[in-house]
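>>> could you look at this predicted model? Sequence included:
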Amino acid sequence: MDAAMSSYTLPGLNISKSNASKSRHKFSTHACELTCRSSSSSSTTGSTFQKLQLDTLAQNRNLVGKTFCSAGAWVHPLSSTESHSHVEEEKVGVLLLNLGGPETLHDVQPFLYNLFADPDIIRLPRLFRFLQRPLAQLISTLRAPKSKEGYASIGGGSPLRKITDEQADALRLALEAKKVAANVYVAMRYWHPFTEEAVQQMKRDKIQKLVVLPLYPQYSISTTGSSIRVLQDLFREDKVLSGLPVAIIQSWYQRGGYVKSMADLIEKELQSFGSPEEVMIFFSAHGVPVTYVRDAGDPYKDQMEDCIYLIMQELKARGINNDHKLAYQSRVGPIQWLKPYTDEVLVDLGKQGVKSLLAVPVSFVSEHIETLEEIDMEYKELALESGIENWGRVPALGCTSTFITDLADAVIEALPSAAAMTTSTTVSESNSSNQDPVGYAIKMLLGSFLAFIILLAFPALKNQSI
Ligand SMILES: C=CC1=C(C)c2cc3[nH]c(cc4nc(cc5[nH]c(cc1n2)c(C)c5CCC(=O)O)C(CCC(=O)O)=C4C)c(C)c3C=C
Ligand SMILES: [Fe+2]
């Protein structure tokens, strides 16, 4: 998978920076503008965008409560009264982006295939892109038994769809309470309801203005970036959608409402320990391969560190001064992922004599296989074996009302910046198969053949979980 990590560009986006400082709150901020132009490549959401976010991130450390919109501005949060002083006349849609998960054990391998077929998950150099699908077939087949075991242990499927639907409903109600009538749609990247299905429904409903809200607090090329790329491709190819005003909220971990909701959960859970002040607050984030950050400019690590800093500041303001640690979980395959690794840190903490630990999942806002199985079962067992005696885990935010209300504010604040996502329809690389079906078939055959050879040449792989 290492060969997959190539550099990033952002075709189709013109990026210019301007110093539009605003001082509604006690800080001034750096605004930038993004305008879309036509592109002949479907290549991935890119580093320029993320570098820009990194620049602003460095300057905005300590800033709580801002939303980054596709239209380019760091949108300052208006107070609730300011933010809905008028009723939207257009038909508003909110599109929640999420990962999706297999609903039955039967779905596991095809779900994994969709995941590994994503060029933002396995990043092959352009020359080798024809291998993407055969490789996805190979890796998903090898990974499926281990994944199935995990899903079997949490009831035979992922709870993500149900929870995301509940969040969508709660958000619709929270918007309604703020006098914004909106349809809320769920667009999953790797399982039903797929982004394409949600977009078709939005078209049928004749949505006139759209806010895209990823359910990932921090931006990563592999999550929000991937979902937005799919959306851009769909919109670019569609006459109606390419003119639809859209605001994309790229990340929202820095919002006051999110930070406070996380601090509330931690504060509450600490009370379940005998000596709350002695508990190590252990943030466990989903990892990404190190090359995403080092070579492709993924802002994920910086945003994660910033997020932890903000949550800890909020706890300190409440007089909670516990030690804390951030580590990364869920690595896949034999490549380097962001460090330190959760399992290794747990063992070290045990050796260092830490006796009480509160695990805080921080890259996702619903329960899923990695909280229910990896943290609650695998890591808990490892921690107890390593000498940690008291274990706790903060639940995912789910439909916590302060959190959902804050998401509703984020949507309302983003609405005024909605602008057309693309300006002209061009053919993207991802559908090059439509132009040259024979070439495409040859590449697929060749790729499948190569993948088959790899499997035969390395029989050990068959017995090894990826
Ligand atoms: C911020 C969250 C996530 C990042 C970043 C992320 C990157 C990433 N993930 C994989 C591989 C797998 N992820 C899997 C499941 C999964 N991933 C996330 C979130 C992030 N992934 C979630 C919420 C879930 C669970 C969905 C559910 O069904 O509950 C899986 C499948 C499960 C398993 O086999 O472990 C894989 C595989 C990569 C390679 C990657 C970055 C490149
Ligand atoms: Fe993942």
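Now that the structure is in, tell me what you want to look at. Ligands and ions are numbered 1, 2, ... in the order given.
>>> how about the residues of the stretch 101-250 of the chain near ligand 1?
101, 112, 115, 121, 143, 147, 150, 158, 160, 216, 220, 222-223 (Cβ under 6 Å from any ligand atom). Backbone N, C-alpha and C define where each C-beta goes, glycine included.
>>> now with 8 Å, please.
By Cβ under 8 Å from any ligand atom, the residues of the stretch 101-250 of the chain that approach ligand 1 are 101-102, 108, 111-112, 115-116, 120-122, 143, 146-147, 150-151, 157-160, 191, 216, 218, 220, 222-223.
>>> pull out the buried members of these.
101-102, 108, 111-112, 115-116, 120-122, 143, 147, 150-151, 157-160, 191, 216, 218, 220, 222-223 (16 or more other Cβ atoms under 10 Å).
>>> and the closest residue to residue 150 other than its chain neighbours, backbone torsions?
Distances taken as Cβ to Cβ, 6 or more residues apart in numbering put residue 373 closest to residue 150, at 4.7 Å, once the chain neighbours are dropped. Geometry field for residue 373 lists phi and psi as phi -100, psi -60, criterion degrees, to the nearest 10.
>>> number of nearby residues for residue 373?
A count of nearby residues for residue 373, using other Cβ atoms under 10 Å, gives 17.
>>> enumerate every residue touching it.
Shown in contact with residue 373 (Cβ atoms under 8 Å, 6 or more residues apart in numbering): 150-151, 153-154.
>>> ok, 10 Å please
149-154, 379 (Cβ atoms under 10 Å, 6 or more residues apart in numbering).
>>> could you find the closest non-adjacent residue to residue 307?
residue 253 (4.0 Å).
>>> same question for residue 378.
Residue 378 sits nearest to residue 343 (Cβ to Cβ, 6+ apart), 7.8 Å away.
>>> next, give phi and psi for residue 188.
Torsion angles, degrees, to the nearest 10, at residue 188: phi -90, psi 150.
>>> before we move on, back to that, which of the contacts of residue 373 lies closest to ligand 1?
Nearest to ligand 1 among the contacts of residue 373 is residue 150, at 6.0 Å by Cβ to the nearest ligand atom.
>>> OK, contacts around whichever residue of the stretch 1-150 of the chain sits closest to ligand 1?
Ligand 1 sits closest to residue 101 of the stretch 1-150 of the chain, with a gap of 2.3 Å, by Cβ to the nearest ligand atom. Residue 101 makes contacts with 107-108, 111, 115, 151, 157-161, 163-164, 188, 190-192, 366, 368-369, as judged by Cβ under 10 Å, 6+ apart.
>>> what of residue 262?
Residue 262 touches 217, 253, 283, 307-308, 310-311, 314-315, 360, 362, 365, 394, 397, 400, 403, counting by Cβ under 10 Å, 6+ apart.
>>> quick revisit: can you tell me which of the buried ones among the residues of the stretch 101-250 of the chain next to ligand 1 are in helices?
108, 111-112, 115-116, 143, 147, 150-151, 160 (DSSP state H).
>>> which one is residue 347 nearest to, not counting chain neighbours?
residue 386 (4.8 Å).
>>> is residue 167 in contact with residue 184, as I believe?
Yes: Residue 167 is within contact range of residue 184, at 8.6 Å (criterion: Cβ atoms under 10 Å).
>>> so which bits of the stretch 251-400 of the chain are right by ligand 1?
Of all the residues in the stretch 251-400 of the chain, those lying near ligand 1 are 285-289, 292, 300, 330, 332-333, 363-364, 366, 368-370, 372, 374, going by Cβ under 8 Å from any ligand atom.
>>> show me how to select, in ChimeraX, the buried members of the residues you listed.
Here is the ChimeraX command that selects the buried residues among those (16+ other Cβ under 10 Å):
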select :285,286,287,288,289,292,300,330,332,363,364,366,368,369,370,372,374
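>>> let me see the ranges of the strands in this protein.
Using DSSP state E, the strands found in the chain span residues 13-18, 31-36, 67-68, 74-75, 92-98, 182-188, 209-214, 245-248, 280-286, 324-329, 356-361, 390-393, 419-420.
>>> how about a markdown table for the ones you listed, with mean pLDDT added?
Listed next are these as a markdown table, based on pLDDT from 0 to 100:
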| stretch | mean pLDDT |
| --- | --- |
| strand 13-18 | 25 |
| strand 31-36 | 26 |
| strand 67-68 | 36 |
| strand 74-75 | 32 |
| strand 92-98 | 98 |
| strand 182-188 | 98 |
| strand 209-214 | 98 |
| strand 245-248 | 98 |
| strand 280-286 | 98 |
| strand 324-329 | 98 |
| strand 356-361 | 98 |
| strand 390-393 | 98 |
| strand 419-420 | 93 |
